[in-house]
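[1] Give me a 3D structure for the following:
(chains A, B, C and D)
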2 protein chains.
Amino acid sequence: MTQTRTTRLERGRGSLGPALELVHTGRAPTRAVLTSELGVTRATAGAVAAELETLGLITVDSRPTASAGSQGRPSHRLFVNERGPVVLAVQIHADGFRVALVGLGGRIVATTTGCGAIPADPAHVLAEAVGAGAGLLRETGRRCLGAGLAVPSAVAEPDGEALNPLHLAWPAGAPVRELFQRALADAAIPGVTEAIGFSGNDVNLMALAEHRHGAGRGARDLLCVASGHRGVGGALVLDGRLHSGSSGLALEVGHLTVHPEGAPCHCGSRGCLDVEADPLAFLNVAGRTPGPEGSLLHQAADLLRTAYDDPAVRAAADLLIDRLGLGLAGLVNILNPDRIILGGLHRTLLETDPERLRAVVADRSLWGRSGGVPILPCGLDHNSLVGAAELAWQPVLDDPLIVQEERRA
Amino acid sequence: MTQTRTTRLERGRGSLGPALELVHTGRAPTRAVLTSELGVTRATAGAVAAELETLGLITVDSRPTASAGSQGRPSHRLFVNERGPVVLAVQIHADGFRVALVGLGGRIVATTTGCGAIPADPAHVLAEAVGAGAGLLRETGRRCLGAGLAVPSAVAEPDGEALNPLHLAWPAGAPVRELFQRALADAAIPGVTEAIGFSGNDVNLMALAEHRHGAGRGARDLLCVASGHRGVGGALVLDGRLHSGSSGLALEVGHLTVHPEGAPCHCGSRGCLDVEADPLAFLNVAGRTPGPEGSLLHQAADLLRTAYDDPAVRAAADLLIDRLGLGLAGLVNILNPDRIILGGLHRTLLETDPERLRAVVADRSLWGRSGGVPILPCGLDHNSLVGAAELAWQPVLDDPLIVQEERRA
DNA sequence: GTTTTTTGTTCCGGTGCGATACAAAGCCAG
DNA sequence: CTGGCTTTGTATCGCACCGGAACAAAAAAC
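    Sure thing, here's the model as predicted:
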């Protein structure tokens, strides 16, 4: 009996991670496709699924399902365990913070926000956010396996310092990962004996989330570009892994030249994407002065949606689409992605006139005429938040058995 | 006895590939470092080395070596088998072709060239080159495990078509991989039952070769940029693998804007790296008219080396260094590599004034002030040729046992 | 000489997985 | 309804790969 259980538990150990990732990303609805996706035998796939089930990470629905019309014995269906463990995700933005408990599959189980201007002391904000997360954990009684943080700034590896928290009042170079880990340790979250903290640039995390659960699912080389407030951010997912460069600073796409006679940029050049295709640039080109109400992104996106009839707004949209397209074409020439996803204002620009943007990119990229890269709007709410959760889930996806080990500790 | 041999043969099968790659790239001079590099036990490393030896891929020198002053029993030394199998590497360039037999470790065992203008028929050239390679194989009596091809053109995946064989008289879109495979099949090279052909852009292959055997050894994210004749090429090696994008067209770096008021480029923009930092641009800026003798690269590099006292030449060099630096800084912002290697004219420019180039890159890249990327000249003769050989070796590095299987066939 | 340190080898055992046979659960044809 | 056919899930066997431990070997340190 014990013998049987032991052997079953240890079947397919090396495939556990890939299998969980397949279920997590919704690419393995049944054991049958798990078998083919993993490239293993049915026996192994079954054992792997059984192990993941005993670990409490997935659930199996073996009831006779409404058959899909195909022949043969119907598959049991695999689900992520909706009542299983969660991770804590924290997102800091200009207007406050948002924390959430996120389960496997990228599902937000519970969330809350903290509003008001972000004070200049990151440790204070992080402590408040982690405290709110601990409250959510108490309310829901979920087990927590880790925590991830999204900040609107480039984050340098390997130390996790926020180099340019532009629209936060934080000091440049704040060691956000260390501060986050300390906040987690102070909060003494039940079940997490050792504070595990990860942190990342919010556009990077958007890319990760979109790749796993959104419009980027199935892409091999995914490029994401987004503009939230000031400047333009980029991120790249290669073979399912975030590519953040040797020191975490890759995809700083804001200083591609897209308008040689354009506005001067603090980087010393002129006409950088950062100053030619962000929300402020749009408002300026459209002849509007930014108001104090709402973020620049909201103002720009609202204008685009509500006043597209206005010729000045339309001309501004066309101009920004052209500039953005030029920047994307440059990135296509360098990175040759197989999909592009746009967020923030760029998403709105894409949805305003998709054909124009695609035409510009195809025309200005070197080999774009023969096909063209699909360009899609992001398809997930709170994608940076979900991406922060993905960072926290990563150790579990790499080796699901750590769930068991932590329970022991 | 047979039992013993069988078990020994099958020990460490999963580690065979990584182990061979370590010896191949010179990172495992002894079984001891093989043990630590692979992260396995001495027993496993020993078995792996024994298996690679029986496969005829490596040799072990167990004689008491002149000790290195350290304590303990001296290690036996591991070498790539100098008399082992080879692969056939073919490089096509404007002035002809070069073929070579390349052993493990990137050593060129035998080489020959074919000169004269390249005719417009790729199949003819490839047949001639492969024929020359077959001659080398007959002369040396070596066993051949595969073949690789380097062409001065972007090569589209997955079909292997040369999209822009710029300074060859070949038609754009020539299916070079297929033609190469056919030439290999026609040559009926002894030992190669199934013609295995690979092909790649010459800058990509330079990057691969430099990463494995040259100045890029040990880099995790390696960026290579080179200018051979007209235009500028780039390549990226990530985690030991060439990153050529979703359709093989990544790192087309020639159309980064480096001089907003610069010369018009066929791509529709102005001041692209392609027209601002290649050998022709250098000659033009220096006020020389290109002569009919020798390639543009030779003329430019000779001028740089022999006439650096001439103020016009020096000014041209400074200008091109600045332009190149701007382009490299843009790439650093996007790719965040941990090393950069320059080839062709750019190598000469780097060696002319290394400090100037490093300063420009550090100044114009976003986070360059805090450190700076090492920029090195390429360190290998015939690096594209060796890179073509690397393509052919790759299947063996992925699973060394195919050597045995091919012998059987 | 003995002791210590590092390397290489032999043997045992465990773990992960493929192969196979079998059982289960639906279609389809008569 | 009964007997194929097809696909999915499961139990059992065996083997390949590798870690661990003990042992042997070859040098330096003492």
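
[2] got the contact list for A:A32?
    A:42, A:75 (CB atoms under 8 Å, 6 or more residues apart in numbering or on different chains). Placement of C-beta: from N, CA and C, glycine included.

[3] now it: how far from DNA strand C?
    11 Å (CB to the nearest atom of the strand, to the nearest Å).

[4] Quick check: which element contains that residue?
    helix A:31-38 (DSSP states H and E).

[5] What's the mean pLDDT across that helix?
    Averaging pLDDT along helix A:31-38 yields 96.

[6] Beyond it, next helix or strand please.
    Downstream of helix A:31-38, the next assigned helix or strand under DSSP H and E is helix A:42-54.

[7] okay, the angle between that following helix and helix A:31-38?
    Orientation check (axes from the mean of the first three to the mean of the last three CA atoms, to 10 degrees): helix A:42-54 against helix A:31-38 gives 110 degrees.

[8] pretty sure A:D61 contacts A:E82?
    No: with contacts defined as CB atoms under 8 Å, A:D61 does not count as touching A:E82, sitting 11.6 Å away.

[9] Flag the shaky bits of chain A, pLDDT-wise.
    Within chain A, the stretches with pLDDT under 70 are A:1-13, A:64-69, A:191-195, A:368-371, A:405-409.

[10] anything in the lengthiest helix in it near chain B?
    For chain A, the longest helix by residue count, based on DSSP state H, is helix A:311-335. Yes: contact of helix A:311-335 with chain B (CB under 8 Å from any CB of the partner chain) involves A:330-331, A:333-335.

[11] Surely A:E51 is in contact with A:L16?
    Yes: at 6.3 Å, A:E51 counts as touching A:L16 under the criterion of CB under 8 Å.

[12] so what sits against both of those two?
    Contacts common to A:E51 and A:L16, judged by CB under 8 Å, 6+ apart, are A:P400.

[13] which parts of chain A sit against DNA strand D?
    Within chain A, the positions near DNA strand D by CB under 7 Å from any atom of the strand are A:4, A:30-32, A:35, A:42-43, A:46, A:49-50, A:70-76.

[14] Mind doing that once more with 10 Å?
    A:3-4, A:7-8, A:11, A:29-36, A:41-47, A:49-50, A:53, A:60-62, A:65, A:70-78 (CB under 10 Å from any atom of the strand).

[15] which of those residues count as buried?
    By neighbour count, with 16 or more other CB atoms under 10 Å in any protein chain shown, the residues of chain A next to DNA strand D hold A:11, A:30-32, A:34-35, A:44-47, A:49-50, A:60, A:74-76, A:78 as buried.

[16] Could you give the number of residues near the residue of the stretch 1-150 of chain A found nearest chain B?
    Going by CB to the nearest CB, chain B is nearest to A:G14 of the stretch 1-150 of chain A, at 10.2 Å. The tally of other residues near A:G14 (other CB atoms under 10 Å in any protein chain shown) stands at 11.

[17] What of the one 5 residues further on?
    Taking other CB under 10 Å as the neighbour definition, A:A19 ends up with a count of 30.

[18] In space, what's closest to it - neighbours in sequence excluded?
    A:V48 (4.6 Å; CB to CB, 6 or more residues apart in numbering or on different chains).

[19] same thing with A:H93?
    A:H93 sits nearest to A:P152 (CB to CB, 6+ apart), 5.9 Å away.

[20] Go ahead and confirm that neighbour touches A:D202.
    Yes: the pair A:P152 / A:D202 is scored as a contact, 5.1 Å apart, by CB under 8 Å.

[21] So for the two, which residues contact both of them?
    A:93, A:228.

[22] Between these two, point out the one with more neighbours.
    A:D202 (27 against 24).

[23] Check the secondary structure at the closest residue to the more buried one other than its chain neighbours for me.
    Excluding its sequence neighbours, the residue lying closest to A:D202 (CB to CB, 6+ apart) is A:S384, at 4.1 Å. Three-state call for A:S384 (DSSP: H, G, I helix; E, B strand; the rest coil): helix.

[24] ok, now which ones touch A:S384?
    A:91, A:150, A:202-203, A:205-206, A:209.

[25] Swap in 10 Å and give it another go.
    A:89, A:91-93, A:98, A:150-152, A:200-209, A:226, A:228, A:343 (CB atoms under 10 Å, 6 or more residues apart in numbering or on different chains).

[26] So which of those residues sit within helices?
    A:202-209.

[27] Please tell me how far the residue nearest to A:H93 sits from DNA strand C.
    40 Å.

[28] Please enumerate the strands of chain A.
    Assigned by DSSP state E, the strands in chain A fall at A:58-61, A:77-80, A:86-93, A:96-103, A:108-115, A:144-151, A:155-156, A:161-162, A:197-201, A:221-227, A:233-238, A:241-242, A:339-343, A:375-377.

[29] nearest to B:A187, of the ones you listed?
    Closest to B:A187 of the strands of chain A, according to CB to CB: strand A:221-227, at 35.7 Å.

[30] Tell me which residues of that closest one come out buried.
    A:221-227.

[31] and the angle for that strand with strand A:233-238?
    Going by the same axes, to 10 degrees, strand A:221-227 makes 170 degrees with strand A:233-238.

[32] Strand A:221-227 and chain B, any residue contact?
    Yes: Strand A:221-227 reaches chain B (CB under 10 Å from any CB of the partner chain) through A:221-222.

[33] Run the angle between that strand and helix A:311-335 for me.
    Using the same axes, to 10 degrees: strand A:221-227 against helix A:311-335 is 150 degrees.

[34] chain center to strand A:221-227: distance?
    Mean-position distance between strand A:221-227 and its chain equals 10 Å (CA atoms, centre = their mean, to the nearest Å).

[35] Please write out the alpha-carbon positions of stretch A:51-60 in PDB.
    In PDB, the C-alpha atoms belonging to stretch A:51-60 read as follows (Å, rounded to 0.1, in the frame of the first residue of the first chain):
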ATOM      1  CA  GLU A  51       0.900  13.500  -8.600                       C
ATOM      2  CA  LEU A  52      -0.100  17.000  -9.300                       C
ATOM      3  CA  GLU A  53      -3.500  16.200  -8.000                       C
ATOM      4  CA  THR A  54      -2.100  14.800  -4.700                       C
ATOM      5  CA  LEU A  55       0.000  17.900  -4.400                       C
ATOM      6  CA  GLY A  56      -3.300  19.900  -4.500                       C
ATOM      7  CA  LEU A  57      -2.300  21.900  -7.600                       C
ATOM      8  CA  ILE A  58      -4.700  20.500 -10.200                       C
ATOM      9  CA  THR A  59      -8.100  18.800 -10.100                       C
ATOM     10  CA  VAL A  60      -9.400  16.000 -12.300                       C
END
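
[36] if I pick the residue in the stretch 101-250 of chain A that chain B sits nearest to, what's in contact with it?
    The nearest approach of the stretch 101-250 of chain A to chain B comes at A:G245, 2.5 Å away (CB to the nearest CB). Counting by CB under 10 Å, 6+ apart, A:G245 makes contact with A:157, A:236, A:251-252, B:220-221, B:238, B:332-338.

[37] which of those are close to DNA strand C?
    Okay, of the contacts of A:G245, nothing touches DNA strand C (CB under 10 Å from any atom of the strand).

[38] Which of the residues you listed ranks first by neighbour count?
    Most crowded among the contacts of A:G245, counting by other CB under 10 Å, is B:L335 at 29 neighbours.
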